[in-house]
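>>> Fold the following for me, if possible:
(one chain, ligands or ions: 1)
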Amino acid sequence: MPRDPLHYLTEELEKLREQKLYQKLRVLETGQVPVARFDGKEVINLSSNNYLGLTTHPRLKQRALEAIEKFGVGSGAVRTIAGTMTLHMELEEKIAKFKHVEASVVFQSGFTANAGTVQAILGRDDVIVSDELNHASIIDGCRLSRAEIKVFPHKDVEACEKLLKELEGRKCRKLLVTDGVFSMDGDIAPLPQLVALAEKYGCIMMVDDAHASGVLGRNGRGTVDHYNLHGRVDIQVGTLSKAIGALGGYVCSTRNTIEFLYHRARPFLFSTSHPPSVAATCIAAFEVLEEQPQLTEQLWANTRFFKQGLKKLGFNTGVSETPITPVIVGEAAVAHEFSRELFSAGVFAQSIGYPTVPHGKARIRTIVTATHTQGELSLSLEILEKVGKKLKII
Ligand SMILES: *Cc1c(COP(=O)(O)O)cnc(C)c1O
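Sure, this is the predicted structure:
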């Protein structure tokens, strides 16, 4: 027998295959566009986070090219040694102005922004109060911080307050953290109520606006702007990888908090900074957000049209309030079959099962963008109807 200490992983994979939960990666052969070619097939793409179509925006591409010509393709170091370029500083200033905050710091991804920040600002004597559906990167940050983690049922403000009451009198720092828009259900956090609780119980308030950046609020400024809570959320995290169209994450806070993160956030200290082209692209993206609010408006017009269509067909779209609309079917195997059949019929809507969503809540997830045409969305609805009836989902 040849030596294979990793054989147990092969067995785990076999189990996934038996349960029909094994998934092959779809390979994109074009840009991330509304009608894209995956695995050799042209499909209407309802699976990207490219909300505003910025991944292929001419101005962003041009600025990336210019940055490469001027500065090369890599930054060559971590931010704290030699890898802070003028473009990185310019981007951070741009973001801080855009979000109406004192300062911001950019990380390599939204994931590292969340994980690095939560880990850096709390320690083992502290407590984190967290929505049960918060993103994996927040959960990892909480675990890495070694603080005590208390989880409240999704969006349950009363349960959250009960946890905070129990902590009264305890000498510790407290962090109340929530996603702004929840990535699997497309619902929005009850941020005004959570902010009020944070103020009442002396917590640090943090929101992860990955799916709200470029989507909610004026010019896509996020949930804090959407609810008009400026100055009342201590830490805002956003992503540059979704609506902004490139890659990265950022944290907005006070100048001193940002300076502290320069010294203690591990991804910032120990992982190389963005290539100059990425920073340049992101700067251009914020210019586009400021100058072209009609992109966000078109995104919402498409969202309303598509959501109404799905509801009229009788699909279970859960509690979505944003361009993320799940079609919940229950069993993971059914969701995967639904997604496969849709793909054959010309629509790409990824299926998602446990552990990304709870058992029994498997779904396909659809995301419309500003750049889908009405024709593409109508055709998608026709295909969803045909396949949904064939599989007896509607
Ligand atoms: C996508 C996502 C992230 C991670 O952002 P990346 O920039 O892709 O790493 C973090 N939080 C939430 C809620 C997300 O949906």
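>>> contacting residues around Val195?
205, 229, 232-233 (Cβ atoms under 8 Å, 6 or more residues apart in numbering). (C-beta placed from N, C-alpha, C; glycine too.)
>>> Can you pull the residues of this protein lying near the ligand?
Residues of the chain found near the ligand (Cβ under 6 Å from any ligand atom) are 109-111, 114, 135, 137, 179, 183, 208, 210-211, 239, 241, 249.
>>> Neighbour-wise, give me the winner out of those residues.
Asp208 (35 neighbours; other Cβ atoms under 10 Å).
>>> backbone phi and psi for that residue, please?
phi -100, psi 110 (degrees, to the nearest 10).
>>> That one and Gly180 touch, don't they?
Yes - counting by Cβ atoms under 8 Å, Asp208 touches Gly180, with 6.3 Å between them.
>>> Now do the same contact list for Phe268.
Phe268 touches 78-80, 105, 107, 112, 116, 261-262, counting by Cβ under 8 Å, 6+ apart.
>>> residue contacts, the residue of the chain found nearest the ligand?
Across the chain, the shortest distance to the ligand (Cβ to the nearest ligand atom) belongs to Gly110, at 2.3 Å. Contact criterion Cβ under 8 Å, 6+ apart gives 137, 208, 210, 237-242, 248-249 as the residues in contact with Gly110.
>>> Can you lay out those residues as a markdown table showing pLDDT?
Formatted as a markdown table, these follow (pLDDT from 0 to 100):
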| residue | pLDDT |
| --- | --- |
| Ser137 | 97 |
| Asp208 | 98 |
| Ala210 | 97 |
| Val237 | 98 |
| Gly238 | 98 |
| Thr239 | 98 |
| Leu240 | 98 |
| Ser241 | 98 |
| Lys242 | 98 |
| Gly248 | 98 |
| Gly249 | 98 |
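>>> of all those, which comes closest to Ala349?
Closest approach between the contacts of Gly110 and Ala349, by Cβ to Cβ: Lys242, at 17.0 Å.
>>> Look at that closest one and say how many residues are nearby.
Neighbours of Lys242 (other Cβ under 10 Å): 26.
>>> if we can go back for a sec, which ones among the residues of the chain next to the ligand map onto helices?
110-111, 114, 137 (DSSP state H).
>>> now the helices for the stretch 151-300 of the chain?
For the stretch 151-300 of the chain, the helices defined by DSSP state H, counting those that start in this stretch cover 157-166, 191-201, 223-226, 255-264, 266-270, 276-291, 293-312.
>>> ok so, going back, any idea how far the residue of the chain closest to the ligand is from Ser213?
9 Å (Cβ to Cβ, to the nearest Å).
>>> overlap in contacts of these two?
Looking at what touches both Gly110 and Ser213 (by Cβ under 8 Å, 6+ apart), the common residues are 238-240, 242.
>>> which pair in the residues you listed spans the largest distance?
Largest separation among those by Cβ to Cβ: Gly238 and Lys242, giving 9.0 Å.
>>> my hunch is that Ile364 is in a strand, does that hold up?
Yes - Ile364 sits within a strand when classified using DSSP: H, G, I helix; E, B strand; the rest coil.
>>> Spatially nearest residue to it (excluding sequence neighbours)?
Ala349 (4.3 Å; Cβ to Cβ, 6 or more residues apart in numbering).
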